[in-house]
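S.K.: All I have is the shape, not the residue letters:
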């Protein structure tokens, strides 16, 4: 039997293997919107999702380049205070346009010369003339083959907008400065933009351009000429945004009978130690749930949000979830959380695979990310990423806190997704089975806590921040 090969070419466009030289397979997303409307938040989340889907994506922020330019002049504040954004100053408008073009050139170089797939230009691009300048420059450098999507982020919620404005006090333009003066300066900056602001609409429709208008982080969505797989996936993801504060806990199943013999890829009941882990996990999560319920509900959270348990359909995961009382934790088993299908290798240990199927063993060690288990139904990490796509969308949509009980390969992928980590090292990290991960989802960010299990004490101890509980080396699982 020959070693399994990478996914067939017919699926390449769906999972991100785009030819470097082909501009028809690449995309530029041009952000549009006033300051403090969530553009950068949307850009970063979208980049994280597209990278996870294996479309090599990067955000190019014009504000970062403006600050870099300011650091090289004698009066750096002149490029950050409100007067620089006055739309009635031709010199300032010209300078801002040039900064945008310089950033766009960096983006296009990355797409055309360095293997990028999707570049996101993060800037206000708040006038028709600026957007036309950006579009003309793209066409001049790349012709008509390079796809362009305009993505506008609007904010009609005054409370949300005010919260966004106050977040700017902690941003690089104002950090360490007087808060009141900084707040006044930023409000003046917003007023300058509002004077000249032109929303997406008839001008873009007449040119036959693809665009999305997103209001209040997904509450309302208007689209124009959304065609093709990638644009459709982007819109689906954006439609499921929400700003609810919640927690997502990730845990592997408790130790199974197969785990005690290091056998992979098949249904197995929990061992005695696995059942103890399940009871301890339920008690630990319950303590955190009670603390969570004591906190006041924010404006983005519905009154009826709850903690839910989602497990894979494999018995070792279902049995781990059974320790959670169903009256408190609504439970669902879904095949999306199932472990990798090991095909004809299911039930073997890695030592047995190495002896009986040395070619497969060697091929997997060479490239675990793209390897696929041989035999009927055999999967690889790329297949699992595709299978988990609807789950990711559902995780973005739900306002409930969740406890996901699944398997090590799935946990690995979900941790990489939430941390926005490069997929390149996905298959080459060793993640302890008895460590649980808590992602605290805030309106504009995600933070991670993780806890190591102590079987003697029957509890979980939080690890220090900054110490991810895995080693970047080849592992068996």
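M.R.: Looks like it came in fine. All values reported here derive from a predicted model rather than from experimental measurement. Numbering: from 1, shown residues only.
S.K.: okay but residue 392 is in contact with residue 416, surely?
M.R.: No: look at residue 392 against residue 416 with CB atoms under 8 Å: they stay out of range, at 11.4 Å. C-beta: built from backbone N, CA, C; applies to glycine.
S.K.: Touching both of the two, which residues are there?
M.R.: residue 52 (CB atoms under 8 Å, 6 or more residues apart in numbering).
S.K.: What residues sit buried inside the host helix or strand of residue 99?
M.R.: Here residue 99, judged by DSSP states H and E, is contained in helix 90-113. Judged by neighbour count using 16 or more other CB atoms under 10 Å, the buried positions of helix 90-113 are 92-93, 95-96, 99-100, 102-104, 107-108, 110-112.
S.K.: Strands of the chain, start to end?
M.R.: 27-32, 57-61, 118-122, 147-154, 210-215, 220-224, 246-252, 307-311, 331-333, 401-406, 435-442, 445-454, 459-462 (DSSP state E).
S.K.: Those into TSV, with extra columns for mean neighbour count, distance to residue 387 and mean pLDDT?
M.R.: Output for those, formatted as TSV (neighbours: other CB atoms under 10 Å; distance: least, CB to CB, whole Å; pLDDT from 0 to 100):
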stretch	mean neighbour count	distance to residue 387	mean pLDDT
strand 27-32	26	24	97
strand 57-61	20	20	95
strand 118-122	26	22	97
strand 147-154	22	26	95
strand 210-215	21	26	94
strand 220-224	14	26	92
strand 246-252	23	16	96
strand 307-311	23	14	96
strand 331-333	14	15	96
strand 401-406	26	12	97
strand 435-442	19	20	92
strand 445-454	16	22	90
strand 459-462	14	28	93
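S.K.: quick one: which of these is nearest residue 388?
M.R.: strand 401-406 (9.8 Å; CB to CB).
S.K.: Measure how far the closest one is from the centre of its chain, please.
M.R.: 17 Å (CA atoms, centre = their mean, to the nearest Å).
S.K.: and it, which strands flank it?
M.R.: As defined by DSSP bridges, the strand partners of strand 401-406 come to strand 246-252 (parallel), strand 307-311 (parallel).
S.K.: what's next to it, contact-wise?
M.R.: By CB under 8 Å, 6+ apart, the residues outside strand 401-406 that reach it are 246-253, 285, 289, 292, 305-312, 317, 320-321, 324, 329, 337-339, 395, 414.
S.K.: what do you get if the cut-off is 6 Å, keeping everything else the same?
M.R.: Residues outside strand 401-406 that contact it (CB atoms under 6 Å, 6 or more residues apart in numbering) are 246-251, 285, 307-312, 317, 320-321, 337.
S.K.: Please apply the same query to stretch 445-459.
M.R.: Contacts for stretch 445-459 (CB under 6 Å, 6+ apart): 280, 418, 434-440, 460-463, 469.
S.K.: Pipe the buried residues of helix 90-113 into CSV and attach distance to residue 157 and pLDDT per row.
M.R.: Formatted as CSV, the buried residues of helix 90-113 follow (distance: CB to CB, whole Å; pLDDT from 0 to 100):
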residue, distance to residue 157, pLDDT
92, 30, 89
93, 30, 91
95, 32, 91
96, 27, 92
99, 30, 94
100, 28, 95
102, 34, 95
103, 29, 96
104, 31, 97
107, 30, 97
108, 35, 97
110, 34, 96
111, 34, 95
112, 39, 93
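S.K.: Between these, which sits nearest residue 185?
M.R.: Relative to residue 185, and with distances defined as CB to CB, the nearest of the buried residues of helix 90-113 is residue 92, at 15.0 Å.
S.K.: Near residue 124, how many other residues are there?
M.R.: Other residues lying near residue 124 total 21 when counted by other CB atoms under 10 Å.
S.K.: what's the answer for the one 3 residues further on, then?
M.R.: A count of neighbours around residue 127, defined by other CB under 10 Å, yields 17.
S.K.: I'd like the distance between it and residue 120.
M.R.: 19 Å (CB to CB, to the nearest Å).
S.K.: and if you look at residue 104?
M.R.: Residue 104 is 11 Å from residue 120, by CB to CB.
S.K.: same thing with residue 260?
M.R.: Relative to residue 120, and taking CB to CB, residue 260 is found at 47 Å.
S.K.: Could you do residue 311 as well?
M.R.: 35 Å.
S.K.: What of residue 246?
M.R.: In this view, residue 246 and residue 120 are 26 Å apart by CB to CB.
S.K.: Next: residue 69.
M.R.: 20 Å.
S.K.: Then residue 389?
M.R.: 19 Å.
S.K.: need the contact list for residue 236.
M.R.: So residue 236 contacts nothing (CB under 6 Å, 6+ apart).
S.K.: before we move on, what about the one 10 residues further on?
M.R.: Applying CB under 6 Å, 6+ apart, we find residue 246 in contact with 401, 441.
S.K.: again, but for the one 3 residues further on
M.R.: Contact partners of residue 249, counting by CB under 6 Å, 6+ apart, are 403, 438.
S.K.: What residues are bridge-paired with it?
M.R.: residue 403, residue 438.
S.K.: what mean pLDDT would you report for stretch 277-290?
M.R.: Model confidence over stretch 277-290, given as mean pLDDT, is 96.
S.K.: So for residue 4, what's the pLDDT?
M.R.: Looking at residue 4, its pLDDT is 42.
S.K.: try residue 184
M.R.: So residue 184 comes in at 89 (pLDDT).
S.K.: From residue 269, how far out is residue 258?
M.R.: Taking CB to CB, one finds residue 258 at 9 Å from residue 269.
S.K.: before we move on, what about residue 57?
M.R.: 42 Å.
S.K.: do residue 447 as well
M.R.: Distance from residue 447 to residue 269, by CB to CB: 35 Å.
S.K.: cool, residue 305 as well?
M.R.: With CB to CB as the criterion, residue 305 and residue 269 are 33 Å apart.
S.K.: between these two, which one's more packed in?
M.R.: Higher neighbour count among residue 305 and residue 269: residue 305, with 17 against 12, using other CB under 10 Å.
S.K.: Tell me who's in contact with the more buried one.
M.R.: 399, 400.
S.K.: Any idea how many residues pack against residue 39?
M.R.: For residue 39, using other CB under 10 Å, the count is 26.
S.K.: Identify the residue nearest residue 172 in space, chain neighbours excluded?
M.R.: residue 67 (5.8 Å; CB to CB, 6 or more residues apart in numbering).
S.K.: mind listing the helices for the stretch 151-300 of the chain?
M.R.: 158-167, 179-196, 202-206, 229-239, 257-260, 272-294 (DSSP state H, counting those that start in this stretch).
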